[in-house]
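>>> output the structure for:
(one chain, ligands or ions: 2)
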Amino acid sequence: MTDTIPIPPPAERGSSTLSFLNPAAPEPWASFVEQIDRVTPYLGGLARWAETMKRPKRMMVVDVPIIRDDGSVAHYEGYRVQHNLSRGPGKGGTRYHPAVNLNEVMALAGWMTVKNAALNLPYGGAKGGVRIDPHLHSQGELERVTRRYTSEIGAFIGPDRDIPAPDVGTNEQTMAWMMDTYAMNTGVTATGVVTGKPIPLGGSLGRHEATGRGVFLAAREAGRHRGIDPRGARVAVQGFGNVGGMAARMFFEAGSRVIALQDHSATLYRDAGIDVHAALAHVAAHGRLEGFEGAETIGDDDYWQLPMDFFVPAALEGQLVAERARKLQARIVVEGANGPTTPAADDILQERGILVVPDVLANAGGVAVSYFEWVQDFSSFFWTEEEINQRLERIMVGAFDSIWKLAAERKTSLRTATFIVACQRVLAAREQRGLYP
Ligand SMILES: NC(=O)C1=CN([C@@H]2O[C@H](COP(=O)(O)OP(=O)(O)OC[C@H]3O[C@@H](n4cnc5c(N)ncnc54)[C@H](OP(=O)(O)O)[C@@H]3O)[C@@H](O)[C@H]2O)C=CC1
Ligand SMILES: O=C(O)CCC(=O)C(=O)O
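Ligands and ions are numbered 1, 2, ... in the order given. This next block holds a predicted model:
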């Protein structure tokens, strides 16, 4: 039922050679469930509620029909999963990608529940997506898809119900169309229905950079504990979109040597360090890393064996599988993407002494600033970029510190410690709310 739209072969996207999702990885929801199983023994009396985390509260699969530019009718499958609403409205991004499916969106929504609770944001967890390759559609077609999708899920979203934001394949423009469609359908200009909006529509300064900035802050804190200064550190980044591009820029501006970059179109390497500003300008002009002349092209196998201090996977889930975890020559992995490391790979990295800063902590800067945006929209009072960046740093460093201490106390990985904090908050709320009768 969820696989009616075939995944276009890479050939349709130009000279891409990298797969969309790693076939060697388990399905994302299976990884999420395994992570919940791993944390359950640490939950004490709340463990009796742990099953809640393995049952998404509400899931929608919607048909999104549009008339294409050539007059033909096309159907796309859309999803919105509200994984948990115990602590507040749903919150999480919207993904446009040809491999999106219900299983993936369930996992992404589950990770949002954990991430939001780990940072103590007053939200549950949700995520949405449409199974479409945005690279193959005109702006007009994407606008029609977005408006139809927003109308189809319209009864379930709202500033106090569920608040979408950008994710892979979506951006500020997508959020503007979602907000406008919601306003047209309800008669209310409720700017807080989505975050990650353009600034003139109630968007927040700093949101565009926030996830990458948060990844850098998490890396800096992890490096402090491991005696690795970002200045001069060797860094490789996978994925060069909003998160990977911005994280690479933050490292570069902090004096790191960004030795390798990879996106769908190319894997690039320069031992002396890549000029990240020049690579960003190339992608802004050409839409992909392919053709960038400031580095040499290397093979995918070589990429996974480069000696480095920080590795930042910032593309899709399931990239760091067991085989790659055995080869990886990094000292710290900072997960910019959601779910990039499989549970089996996690174990191997831990055995090998490679520190992993998990997605649900490392990439939480985006949703933290989304929270600031939502608060600003409600109060119609907007903060300066400096205030936003200071608050972001405080929230990221505070969460990192407390999770680091808990991991040391309980002798767990940072991932398990983050899940302990989050599950305790979510399940305590569930228990306190009670069940009727
Ligand atoms: N945007 C946000 O605020 C947040 C995003 N995240 C997570 O970060 C990750 C990236 O999201 P975001 O940066 O927003 O998405 P974007 O669409 O902006 O960028 C994704 C990047 O990953 C590349 N990519 C896709 N597949 C592969 C692959 N198999 N190998 C190498 N590169 C690949 C894309 O290349 P190409 O363009 O060539 O396809 C692109 O460079 C996702 O896991 C997302 O869920 C997490 C927190 C917040
Ligand atoms: O900003 C948000 O609301 C959510 C961002 C997101 O999708 C994520 O953190 O994975």
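>>> Ala50: neighbour count?
Close neighbours of Ala50, defined as other CB atoms under 10 Å, add up to 17. Placement of C-beta: from N, CA and C, glycine included.
>>> and His97, by the same measure?
Around His97 there are 22 residues (other CB under 10 Å).
>>> so which bits of this structure are right by ligand 1?
18-20, 93, 166-169, 211, 238-244, 262-265, 288, 314-316, 336-338, 363, 366 (CB under 6 Å from any ligand atom).
>>> let me know the pLDDT of His282.
Listed pLDDT for His282 reads 98.
>>> residues contacting it?
Leu289, Gly291, Phe292, Gly294 (CB atoms under 8 Å, 6 or more residues apart in numbering).
>>> just the buried positions in stretch 288-300, please.
Arg288, Leu289, Glu290, Phe292, Ala295, Ile298 (16 or more other CB atoms under 10 Å).
>>> contacts for that stretch?
14-15, 17-18, 240, 260-270, 274-275, 278-279, 282-283.
>>> would you write out the ChimeraX command that picks the buried residues out of the residues you listed?
Per 16+ other CB under 10 Å, the buried members of the contacts of stretch 288-300 correspond to this ChimeraX selection:
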select :18,240,260,261,262,263,264,265,266,267,268,269,270,274,275,279,282,283
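>>> which of the contacts of stretch 288-300 fall within helices?
Ala278, Ala279, His282, Val283 (DSSP state H).
>>> from these, which is closest to Arg68?
Val283 (27.1 Å; CB to CB).
>>> ok, how many other residues are close to Val356?
24.
>>> I'd like the buried residues of stretch 288-300 written out as a markdown table, with pLDDT added.
Output for those, formatted as a markdown table (pLDDT from 0 to 100):
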| residue | pLDDT |
| --- | --- |
| Arg288 | 95 |
| Leu289 | 97 |
| Glu290 | 97 |
| Phe292 | 98 |
| Ala295 | 98 |
| Ile298 | 97 |
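>>> export these to a markdown table and tack on secondary structure?
Putting those into a markdown table (DSSP: H, G, I helix; E, B strand; the rest coil) gives the following:
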| residue | secondary structure |
| --- | --- |
| Arg288 | coil |
| Leu289 | coil |
| Glu290 | coil |
| Phe292 | coil |
| Ala295 | coil |
| Ile298 | coil |
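>>> would you mind measuring the gap between the ends of stretch 354-366?
25 Å (CA to CA, to the nearest Å).
>>> correction: stretch 253-264
End residues of stretch 253-264 are separated by 24 Å (CA to CA).
>>> any regions of this structure where pLDDT drops low?
1-21 (pLDDT under 70).
>>> mind jotting down where the helices sit in the chain?
With DSSP H as the criterion, the chain has helices at 28-39, 102-118, 139-152, 172-186, 207-226, 242-253, 276-286, 300-303, 322-327, 343-351, 359-362, 365-379, 385-410, 414-433.
>>> out of the ones you listed, which gets nearest to Ile66?
helix 139-152 (4.2 Å).
>>> which strands or helices does that closest one pack on?
Counting contacts by 3 or more CB pairs under 8 Å, 6 or more residues apart in numbering; DSSP states H and E, helix 139-152 packs against strand 58-67, strand 73-84, strand 125-131, helix 172-186.
>>> count of neighbours near the nearest residue to Val321 once chain neighbours are set aside?
Residue nearest to Val321 in three dimensions, not counting chain neighbours: Ala24, with 4.7 Å by CB to CB, 6 or more residues apart in numbering. For Ala24, the count of nearby residues is 14 (other CB under 10 Å).
>>> surely Ala24 touches Glu323?
Yes: assessed by CB atoms under 8 Å, Ala24 is found in contact with Glu323 at 6.8 Å.
>>> got the contact list for the closest residue to ligand 2 within the stretch 51-200 of the chain?
Proximity of the stretch 51-200 of the chain to ligand 2 (CB to the nearest ligand atom) peaks at Gly93, 2.5 Å away. Neighbouring residues of Gly93 by CB under 8 Å, 6+ apart: Leu108, Met112, Lys127, Gly128, Pro164, Ala165, Pro166, Asp167, Val168, Thr170, Gly196, Gly366.
>>> how about it: which residues does it bridge to?
In this entry, Gly93 is beta-bridged to Ala165, by DSSP bridges.
>>> distance of it relative to Gly128?
According to CB to CB, to the nearest Å, Gly93 and Gly128 sit 7 Å apart.
>>> do the same with Ala25
From Ala25 to Gly128 the distance is 22 Å (CB to CB).
>>> neighbour count winner among these two?
Gly128 (32 against 22).
>>> Ala337 against Gly318, yeah?
No: Ala337 is not in contact with Gly318 according to CB under 8 Å; the separation is 9.3 Å.
>>> most proximal residue of the protein with respect to ligand 1?
Closest point on the chain to ligand 1, by CB to the nearest ligand atom, is Gly241, at 1.8 Å.
>>> and that residue, how many neighbours?
Around Gly241 there are 19 residues (other CB under 10 Å).
>>> Ala272 now?
8.
>>> for it, what are phi and psi?
Here is the backbone geometry of Ala272 (degrees, to the nearest 10): phi -80, psi -10.
>>> ok, for it, nearest residue in space, not its chain neighbours?
Here the residue nearest Ala272, using CB to CB, 6+ apart, is Arg257, at 7.1 Å.
>>> again, but for Ser402
Val421 is the one closest to Ser402 (CB to CB, 6+ apart), at 7.2 Å.
>>> so that neighbour sits right up against Leu119, yeah?
No: Val421 lies out of contact with Leu119 (CB under 8 Å); the separation is 9.3 Å.
>>> who are the neighbours in contact with Ala165?
If you count contacts by CB under 8 Å, 6+ apart, Ala165 has them with Lys91, Gly92, Gly93, Thr94, Met175, Val194, Thr195, Gly196, Gly366, Val367, Ser370.
>>> can you check Val421 too?
Val421 touches Ala117, Ala118, Ser402, Ile403, Leu406, counting by CB under 8 Å, 6+ apart.
>>> in JSON lines: those, plus neighbour count and distance to Trp49.
Listed next are the contacts of Val421 as JSON lines, based on neighbours: other CB atoms under 10 Å; distance: CB to CB, whole Å:
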{"residue": "Ala117", "neighbour count": "29", "distance to Trp49": "13"}
{"residue": "Ala118", "neighbour count": "24", "distance to Trp49": "17"}
{"residue": "Ser402", "neighbour count": "15", "distance to Trp49": "22"}
{"residue": "Ile403", "neighbour count": "26", "distance to Trp49": "21"}
{"residue": "Leu406", "neighbour count": "17", "distance to Trp49": "20"}
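>>> how about a markdown table for the residues you listed, with distance to Arg68 added?
As requested, the contacts of Val421 are exported to a markdown table (distance: CB to CB, whole Å):
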| residue | distance to Arg68 |
| --- | --- |
| Ala117 | 41 |
| Ala118 | 42 |
| Ser402 | 50 |
| Ile403 | 47 |
| Leu406 | 52 |
